[in-house]
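J.: predicted model, plus sequence, below.
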Amino acid sequence: MADRKLHIPTPEEDVEIEQGIKADDDSRQLSDEEFSQLQSARAIVPEIVAAYESGALKHRRGQRGPQKKPTKEPVYIRFSAEVLAHFRATGRGWQARMDEALKEWIAERNRGSR
């Protein structure tokens with residue numbers, strides 16, 4: 001944390017920030033009274049701050065934690081452009097949907113061989 005530096009916005013950046021706050025229905029600027037009532041995380045949840053500082057919290061926001069399901073194996077594989085375009089067009093999670101489609105295909109083949 002010591003390597004972080006405080007960035008003080010320029011007056012132009014400050015105007016842009018203010019405009020963004022005003023345009024966002026889900027956020028607003030705190031009044032001076034509300035701001036004075038804020039407390040530090042250390043005062044509210046000291047055990048979490050202590051765990052973070054000690055390194056006991058292994059991952060940070062955006063990092064994956066331990067997998068709850070069996071680990072998938074990374075492989076290099078080539079698919080036709082048509083197949084990739086179809087799955088990519090479905091948006092985020094397209095690789096998981098491709099995995100599910102292949103599992104369904106395997107299950108159908110296994111049912112047919114009995």
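T.: On my side now, so go ahead.
J.: check the secondary structure at Phe87 for me.
T.: The local conformation at Phe87, judged by DSSP: H, G, I helix; E, B strand; the rest coil, is helix.
J.: quick one: it from Pro70, how far?
T.: Going from Phe87 to Pro70 by CB to CB, to the nearest Å gives 22 Å. (Each C-beta comes from the backbone N, C-alpha and C, glycine too.)
J.: comparing the two, which shows the higher neighbour count?
T.: Phe87 (17 against 6; other CB atoms under 10 Å).
J.: quick one: contacts for that one?
T.: By CB atoms under 8 Å, 6 or more residues apart in numbering, the contact set of Phe87 is Trp94, Gln95, Arg97, Met98, Ala101.
J.: buried residues, the helix or strand Leu84 falls within. List them.
T.: In this assignment (DSSP states H and E), Leu84 forms part of helix 81-88. By 16 or more other CB atoms under 10 Å, the buried positions in helix 81-88 come out as Phe87.
J.: does Arg92 belong to a helix, a strand or coil?
T.: coil.
J.: okay, domains of this structure per the record?
T.: 11-54, 81-112 (automatic domain parsing).
J.: any chance of TSV for the ones you listed, columns mean pLDDT and distance to Val75?
T.: Formatted as TSV, these follow (pLDDT from 0 to 100; distance: least, CB to CB, whole Å):
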stretch	mean pLDDT	distance to Val75
domain 11-54	90	36
domain 81-112	93	12
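J.: select, out of these, the one closest to Lys5.
T.: Taking CB to CB as the criterion, Lys5 comes closest to domain 11-54 out of the domains of the chain, the separation being 15.5 Å.
J.: secondary structure class of Leu30, three-state.
T.: coil.
J.: nearest spatial neighbour of it, skipping sequence neighbours?
T.: Of all residues not flanking Leu30 in the chain, Leu38 sits nearest, at 7.8 Å (CB to CB, 6 or more residues apart in numbering).
J.: nothing else from me, thank you.
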